[in-house]
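Asker: how would this look folded up:
(chains A, B and C)
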Amino acid sequence: MISLTDIATQAPVASWWLDSPVSSDWPCHNFWAHWAVFSAGIIIGVLLVVMAFIWFERRFIAPMQLRIGPNRCGPFGLLQPVADAIKVLMKEDIVPAVADKTVHFLAPILIFVPVLLMFAVIPFQNGVGLIPDLNVGLLFIVAVGSIETVAVFMAGYGSNNKYALVGAMRSVAMMVSYEMPMALAAIAVIIVSGTLSMQGIVMEQSVPFALLLPMSFIFYFTCALAELQRTPFDLLEAESEIIAGYHIEYSGMKFAMFYLGEYAGAIIQSAIIVTLFLSGWKGPILPPFVWFLIKLFAVFGMIVWFRATWPRVRIDQLMEFAWKYMLPLSLINLLIVAIETILWDPVQWWLVPVNIVITAVLLTGWAGMFKLRGGSEVGA
Amino acid sequence: MRLKALAGTEAAPRIEEKLSGSVIESNEACMVVNKDSIAGIMQLLKESAEFDFDYINNITAVDNFDHFEVIYNVTSIAKKHTLCVKARIPGRDNPEIPSVTSIWKGADFQEREVYDLMGIRFIDHPNLKRIALWEGFEGHPLRKDFL
Amino acid sequence: MVMKTELVTLNMGPHHPSTHGVFRMRVTLDGEVVVEMEPMFGYLHRGLEKLAEGRTYTQIIPFTDRLDYVSSMAGNLAYCVAVEKLAQVEVPERAEYIRVIICELQRMVNHLIAVGFFINDLGALQTPLQYMWREREKVVDLFEMQSGQRFLYNYMRIGGVSHDLAPEFIPALKKFLDDFIGYYEEFEDLLKGNEIIQSRTIGTGVISAEQAIDYAMSGPCLRATGVNWDLRRDDSYSIYDRFDFDVIVGENGDNWDRYRVRMGEIMQSHRIIRQALEQLEELSPGSVNAELPQLLRPPVGEAYAAIEAPKGEMGFYLVSDGSIAPYRWHCRAPDFVNLCALRDMVVGGKIADLIVTFGSIDICLASVDR
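Answerer: Just a heads-up that it's a prediction; the model follows:
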């Protein structure tokens, strides 16, 4: 921890300043100033990064589909998200006459705000964040993230549309069933790092947890895809499904909030994965904030890559996958990690190949037992 | 290899002995039969071992001013022969003919198309509605006296 | 306690983001399960059969392009074969070889597009489709060399083809064939082993062989059920009896088998084109069109002739009264007859499988409605 005397006696070098940890009431030693600066920073940052993600996704998917992607609006199509935003904002906001007005109005807000709330506990740099060392950081994330499920259901119910409601119910079923393996995978991380605070988890990662806990990483990543309703779990937004999803009756600014919420959700899930598994902002040579951004875009790139490559699973196969496949395996994973923690100090390099072998054996063995059945059994 | 096209003159005697009076005329290309016995003839063609016509290639109709003809092209996949059967419907008002949908399910849409465009009603068809034109269209376009 | 449920009737309307044209289905659902399905089409009916009665035999050839516009060369060929049977016309050998090469190229392209859209319906967001479309672009360039058009070719004529092969056609074709093998293997590697594709297509949209024959299905849909029936081998038209090829047959008649049959047929077409090129090189140059009078008057009579179009058995029934225009012109469209079986394939399955099954039959609405 750099003290004021150090700053006074030594020449401040830019990287030295960027590397040093920041106190939790910077600037002005006043929490509310700290809160104001970081809240504004996070909101602006999220909006900018959402635009960057939209651009990145479209430009990244395009070469995989032998196309170019947007390249007309601004240099390299960089202003394309701006054009999309302006288009969506200029549309008329239509509310169905028979809709439940309060619920219909609140749902988009409830989709977007929890995502912003979750940013409060992410460390962007050593100690830089709104409250990154909240001692129940991960619990806060899991709890606030569950509000999205309620918000999705409110959107479907408030539209008073049969198909939106059915779509919303399917969506809620999917999100709830995928939250369990997600939480269990995160608990394995907690056992190994010994702390719930996000800052603490990053500090503990002398070995990135993606290598140390490969099964947790794979499961958390898959469940994040399901929570984000991205391919291969995007059956509700799919154009080829007839039930077009819970946001069918929204237009204009409210639809923009859903769209924003989807990409902001992608950012926060990527940020959580980076913090929990890819050792956050740590990295050589470059400033830590830049490392955080690089890892964020790398995780989002993987999400986009999956979208370009895989087809969709059916709803019953999806539920089967979560309950029969991921839940038991994540419990077994928890057991193994707990045993390792009791016997040895868990964060060690020699445990990496051991864990990778255990993961490979378990996944291939379980997959052999429970192959996703094809077929359309009536009543299944 | 080519499928053997059974001549009408070959098939006609065998049909006549089972269902007498049904064949009106026969020549090299096809066999013309009486419209009322079409269901019996088709049943015979499908089920008898020597014919075994299990595949209905094509059902269509021709408007020959004083009579209609419904043409059935059938094939046997096992025996590898084909036959062309025509059913003659005399007169122009309210032409009707028994449906063969109960014999080959593939006749369903094709008979609906003939009804839609030619106006020939198929008795005992499970779902005789217009297929290409919309409900409420008046007239049958493929007839020679339409436009 | 039995839960009280209600049947929901859903209309998958003519405007649909992912059906292959304007097609309407009225589906009755019990939860996720399809209880009843009624297809309704006719939105693209243009009255081609009536229009053909007022046009000469050669003027009808552009109509046949517009039947199955994805594989319009096959439509052309089917019609020309039927008229040649009616009028007893002998086609010169060089024209026959050109017809075979063109038709097999068309078959490759049609199956690629069919598989691409099928996987698109599964949700793979058009990535495989774009790869397969790239191959179609190369073939469309070849066709443009011949007919001057990229889409509705109007290339075949009664008694042959309209132009001889352009000098740059054969080298470009050879290059395409050589490159294609690598791309085909890439498609197989990327798609065949995909667990999601397998679990969504194996066992869905099943139809048995007896039902398929009863419904008079044809083409890859029939062969996927296990029936070994291919008009190129069993009722050879043109010069198909000179080529050596396998008929790809499936086992269960589900969506997976239809996909595999199409992929297999692409390679068989590749094989046929290679053989045709070899045999064409040994042929002495000659005319590519039997010199027929401009206003052809076939003798009085009728004929039904069918070819193995990419989608199935495409046949034409023609009645001639000795004049320059046909008395009756009827097209037996393969997807019209295949659609009859759709109801039996999807009832009892889930709604998500309905779209996939519909995509796997590979219909083109212009040919269904005519």
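Asker: where does the chain have low pLDDT?
Answerer: Unless you meant another one, I'm taking chain A. Within chain A, the stretches with pLDDT under 70 are A:1-29, A:127, A:235-245, A:346, A:370-380.
Asker: try chain C instead
Answerer: Low-confidence segments of chain C (pLDDT under 70): C:1-5, C:17-19.
Asker: Could you check what's spatially nearest to the residue of it at minimum distance from chain B, not counting adjacent residues?
Answerer: Nearest to chain B in chain C, going by Cβ to the nearest Cβ, is C:Ala216, at a distance of 3.2 Å. Yep, even glycine has a C-beta here, placed from its N, CA and C like the rest. In space, and not counting its chain neighbours, C:Ala216 is closest to B:Gly106: 3.2 Å by Cβ to Cβ, 6 or more residues apart in numbering or on different chains.
Asker: same check, this time on B:Gly40
Answerer: That would be B:Leu19: by Cβ to Cβ, 6+ apart, it lies 5.3 Å from B:Gly40.
Asker: Wait, that neighbour touches B:Leu44, no?
Answerer: Yes: between B:Leu19 and B:Leu44 there is a contact under Cβ atoms under 8 Å: 6.8 Å.
Asker: Could you give the number of residues near the closest residue to chain A within chain B?
Answerer: Residue of chain B nearest chain A, by Cβ to the nearest Cβ: B:Lys105 (21.7 Å). Around B:Lys105 there are 20 other residues, counting by other Cβ atoms under 10 Å in any protein chain shown.
Asker: residues from chain B in reach of chain A?
Answerer: On the criterion Cβ under 8 Å from any Cβ of the partner chain, chain A has no neighbours in chain B.
Asker: where exactly do the strands run in chain B?
Answerer: In chain B, the strands defined using DSSP state E lie at B:4-5, B:23-26, B:31-34, B:55-64, B:67-76, B:81-90, B:96-98, B:121-123.
Asker: Pull out the buried residues from stretch C:154-165.
Answerer: Neighbour counts over stretch C:154-165 (16 or more other Cβ atoms under 10 Å in any protein chain shown) mark C:154-162, C:164-165 as buried.
Asker: Of those residues, which pair is most distant in space?
Answerer: C:Ile158 and C:Leu165 (19.2 Å; Cβ to Cβ).
Asker: residue boundaries of the strands in the stretch 251-370 of chain C?
Answerer: C:301-309, C:312-320, C:328-332 (DSSP state E, counting those that start in this stretch).
Asker: As a markdown table, those with mean neighbour count and distance to chain A would be great.
Answerer: Shown next, in a markdown table, are those (neighbours: other Cβ atoms under 10 Å in any protein chain shown; distance: least, Cβ to the nearest Cβ, whole Å):
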| stretch | mean neighbour count | distance to chain A |
| --- | --- | --- |
| strand C:301-309 | 23 | 26 |
| strand C:312-320 | 26 | 24 |
| strand C:328-332 | 25 | 30 |
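Asker: May I see the ones you listed organised as TSV, with distance to chain B added?
Answerer: What follows is the strands of the stretch 251-370 of chain C, written out as TSV (distance: least, Cβ to the nearest Cβ, whole Å):
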stretch	distance to chain B
strand C:301-309	5
strand C:312-320	5
strand C:328-332	4
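Asker: can you list those in CSV and add distance to B:Met118?
Answerer: Converted to CSV, the strands of the stretch 251-370 of chain C look like this (distance: least, Cβ to Cβ, whole Å):
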stretch, distance to B:Met118
strand C:301-309, 16
strand C:312-320, 13
strand C:328-332, 10
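Asker: List the beta-bridge partners for B:Cys84.
Answerer: Under the criterion DSSP bridges, B:Cys84 forms beta bridges with B:Asn73.
Asker: per-residue confidence at the residue nearest to B:Gly40?
Answerer: In this model, B:Leu19 is scored at 75, pLDDT.
Asker: Low-confidence ranges, chain B, go.
Answerer: Where chain B drops to pLDDT under 70, the residues are B:147.
Asker: residues from it in reach of chain C?
Answerer: So chain B meets chain C at B:1-3, B:29-30, B:54-58, B:60, B:62-63, B:71, B:73, B:77, B:80, B:84, B:104-110, B:113, B:117, B:130-134, B:141-142, B:146 (Cβ under 8 Å from any Cβ).
Asker: Give the burial count for the residue nearest to C:Tyr131 when sequence neighbours are not counted, as a bare number.
Answerer: Distances taken as Cβ to Cβ, 6+ apart put A:Leu66 closest to C:Tyr131, at 6.4 Å, once the chain neighbours are dropped. For A:Leu66, the tally of surrounding residues (other Cβ under 10 Å) stands at 11.
Asker: got it, and A:Gln80?
Answerer: Using other Cβ under 10 Å, the number of residues around A:Gln80 comes to 20.
Asker: and if you look at A:Ile68?
Answerer: Neighbour number of A:Ile68 under other Cβ under 10 Å is 10.
Asker: Noted, bye for now.
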